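In: sequence unknown, structure follows:
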């Protein structure tokens, strides 16, 4: 029941009995004290009513929260307007502990978690473990065979790589890789057998016999080889073919772009598969077939006309002749340097791609994180491309973004995203500059630092 302030204020204190002056002072003090108490009660009773936001009324800053008399009101967006929510009861409100701050929290900043909090740890990088592939108890059924015969190879293989493939065996330069057959056990611990067959045309000689296995642990190709032994094959004797150049000459030792030179030479060969010889100006022309002037392919005189392109750069270049043959079923070739030719023409630009003022934002990163590198790039190549950055063996070349300047002189930044499955380790961070000056592909790479993934 609400008390009457007027009645309380006007009541004369019963304990006041004294002469008129003192009595009058005490009476006035009692009235004043009663009024103060009355307004204090009214203020506390109506505080929540006055301070509480009215649901649906206008508010200023989104997500602002006000808690009045155990009820929480939030500034929300409704129909494009910022208004107060209906409010919700707040239970178990605890007074926050007061501790020493390490600094001032600025608007928009995120505070650090309290010491008692348990933040989610960053993902740890996988440790790269070198797989093992161990061959043992290997042997061959024979050390000597005739062309056309076979041998049997047996061996044991132990591996801790779950991605290990079926092993193979090979007679070097005689057979291709032949898959082995599992005799007992499994791929991680088993005994294997394989038959290797030579052909009737196998040349006589001593050949190595190998067994090999491939696996893909750590997402990389890994392989292991074992020399089982040497195999002697009796067969056709291999004869080295001969290709002999002589009497070679060039019509000129100097020339201008767009002009032509003539190269002549003799060629003799005992290879019945010998091809038509060609001539070339190194880095200037392609291979140009020669024309037979006299004789035949096994012994003849040849001539080739070489036309120098109009856009050839000034310099000294080699003039060469070459011939190819396929004796013994193998590709054989012979080259001869006829001499040098000096070509007058435009000067060739020596391009450069330089990096400076490199800043790497961090040297340690977790898988799934990123590293940002900022740098200046300068080049004398008008065809310079945007530079690239990469983390060797981790992040592929990533094109940098230009923040100021041009491809020939500017400031760049690149964000390198580390894969979530990256292996732990320290890797080089490399910058790459490229261009096509002189109509050629040119590039410069520079190691600017290292990044540790942990």
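Out: Received the coordinates, thanks. Bear in mind the structure is a predicted one, so any value in this text is a computation, not a measurement.

In: Which is the succeeding secondary structure element to the strand or helix carrying residue 225?
Out: Using DSSP states H and E, residue 225 sits in strand 222-234. Using DSSP H and E, the helix or strand that follows strand 222-234 towards the C-terminus is strand 243-250.

In: related to what we said a few turns ago, buried sites along the strand holding residue 225?
Out: For strand 222-234, the buried set under the neighbour-count rule, 16 or more other C-beta atoms under 10 Å, comprises 222, 224, 226, 228, 231, 233. Heads up, the C-betas are built off the backbone N, CA and C, glycines and all.

In: got any ranges where this structure has weak pLDDT?
Out: 1-52, 60-70, 72, 79-80, 88-123 (pLDDT under 70).

In: most centrally placed residue in it?
Out: In the chain, the centroid-proximal residue (C-alpha atoms, centre = their mean) is residue 395; its distance is 1.3 Å.

In: quick one: that one from residue 85, how far?
Out: 46 Å (C-beta to C-beta, to the nearest Å).

In: Show me what residue 379 is bridged to.
Out: residue 353 (DSSP bridges).

In: and it, what is it in contact with?
Out: Listed by C-beta atoms under 8 Å, 6 or more residues apart in numbering, the contact set of residue 379 reads 351, 352, 353, 354, 407, 408, 409, 433, 435.

In: could I get those as TSV with distance to residue 304 and neighbour count?
Out: Formatted as TSV, the contacts of residue 379 follow (distance: C-beta to C-beta, whole Å; neighbours: other C-beta atoms under 10 Å):
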residue	distance to residue 304	neighbour count
351	33	21
352	37	15
353	38	25
354	42	14
407	42	21
408	42	15
409	46	14
433	39	24
435	34	23
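
In: give the contact list for the closest residue to residue 126 other than its chain neighbours.
Out: Excluding the flanking residues, the one nearest residue 126 by C-beta to C-beta, 6 or more residues apart in numbering is residue 423, at 5.2 Å. Going by C-beta under 8 Å, 6+ apart, residue 423 touches 125, 126, 127, 128, 218, 453.

In: Are any of those residues buried, and if so which?
Out: 125, 126, 218, 453.

In: now residue 73: how far from residue 133?
Out: Distance from residue 73 to residue 133, by C-beta to C-beta: 69 Å.

In: tally of neighbours for residue 279?
Out: Neighbours of residue 279 under the rule other C-beta atoms under 10 Å: 27.

In: can I assume it is in contact with residue 263?
Out: Yes - contact status for residue 279 versus residue 263: in contact at 4.6 Å, counting by C-beta atoms under 8 Å.

In: which neighbours do these two share?
Out: 290, 304, 306, 319, 321, 338.

In: Name the nearest of these relative to residue 164.
Out: Closest approach to residue 164 among the shared contacts of residue 279 and residue 263 (C-beta to C-beta): residue 321, at 50.0 Å.

In: Would you mind naming the residues that bridge with that closest one?
Out: Under the criterion used (DSSP bridges), residue 321 bridges to residue 279, residue 336.

In: Tell me the spacing between it and residue 284.
Out: 15 Å.

In: what kind of secondary structure is residue 396 in?
Out: strand (DSSP: H, G, I helix; E, B strand; the rest coil).

In: Which helix or strand contains the nearest residue to it once chain neighbours are set aside?
Out: Leaving aside its chain neighbours, residue 396 sits nearest to residue 390 (6.0 Å; criterion: C-beta to C-beta, 6+ apart). Per DSSP H and E, residue 390 falls inside strand 388-391.

In: Parallel or antiparallel, which strands does that strand pair with?
Out: Checking strand 388-391 against DSSP bridges gives partners strand 395-399 (antiparallel), strand 425-435 (antiparallel).

In: list the buried ones in it?
Out: 388, 389, 390, 391.

In: Kindly report the same for stretch 307-326.
Out: 308, 312, 313, 317, 319, 320, 321, 322, 323, 324, 325.

In: what's the most distant pair in those residues?
Out: 313 and 325 (34.0 Å).

In: From the contact counts, what lies against the strand or helix carrying residue 156?
Out: For residue 156, the element it lies in under DSSP H and E is strand 150-159. Applying 3 or more C-beta pairs under 8 Å, 6 or more residues apart in numbering; DSSP states H and E, one finds that strand 150-159 contacts strand 133-140, strand 189-197, strand 205-215, strand 222-234.

In: what packs against the longest one?
Out: Going back to what we said before, that points to strand 222-234. Judged by 3+ C-beta pairs under 8 Å, 6+ apart, strand 222-234 is in contact with strand 133-140, strand 144-146, strand 150-159, strand 205-215.

In: surely residue 58 meets residue 82?
Out: Yes - here residue 58 reaches residue 82: they are 6.7 Å apart, a contact under C-beta under 8 Å.

In: could you redo the buried residues of strand 388-391 as a markdown table and give each row distance to residue 205?
Out: What follows is the buried residues of strand 388-391, written out as a markdown table (distance: C-beta to C-beta, whole Å):
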| residue | distance to residue 205 |
| --- | --- |
| 388 | 49 |
| 389 | 51 |
| 390 | 46 |
| 391 | 47 |
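
In: re the thing from before, contacting residues around the residue nearest to the centre of the chain?
Out: 416, 417, 418, 419.

In: Looking at the residues you listed, state which has the most neighbours.
Out: Going by other C-beta under 10 Å, residue 416 tops those with 22 neighbours.

In: coming back round to it: just the closest of the buried residues of stretch 307-326 to residue 371, please.
Out: Nearest member of the buried residues of stretch 307-326 to residue 371, counting by C-beta to C-beta, is residue 313, at 40.2 Å.

In: Number of residues surrounding residue 302?
Out: Neighbour number of residue 302 under other C-beta under 10 Å is 26.

In: Which residues are in contact with the nearest residue to it once chain neighbours are set aside?
Out: What sits nearest to residue 302 in space, not counting adjacent residues and going by C-beta to C-beta, 6+ apart, is residue 290, at 3.9 Å. Each residue near residue 290 by C-beta under 8 Å, 6+ apart is listed here: 263, 265, 276, 277, 278, 279, 302, 303, 304, 321.

In: Please apply the same query to residue 301.
Out: Here residue 301 is in contact with 247, 264, 265, 266, 292, 293, 294, 295 (C-beta under 8 Å, 6+ apart).

In: Pairing partners for the helix or strand harbouring the last one, with directions?
Out: Yep, that's residue 295 we're talking about. Secondary structure from DSSP H and E places residue 295 in strand 291-296. Sheet pairing here is set by DSSP bridges, and for strand 291-296 it gives strand 299-307 (antiparallel).

In: tell me the angle of the strand it pairs with relative to strand 243-250?
Out: 40 degrees (axes from the mean of the first three to the mean of the last three C-alpha atoms, to 10 degrees).

In: follow-up on the earlier one: could you single out the nearest of the buried residues of stretch 307-326 to residue 364?
Out: Using C-beta to C-beta, the buried residues of stretch 307-326 come closest to residue 364 at residue 313, 47.3 Å.

In: that's a strand at that closest one, yeah?
Out: No - per three-state DSSP, residue 313 lies outside any strand segment and is coil.

In: Many thanks, we can stop here.
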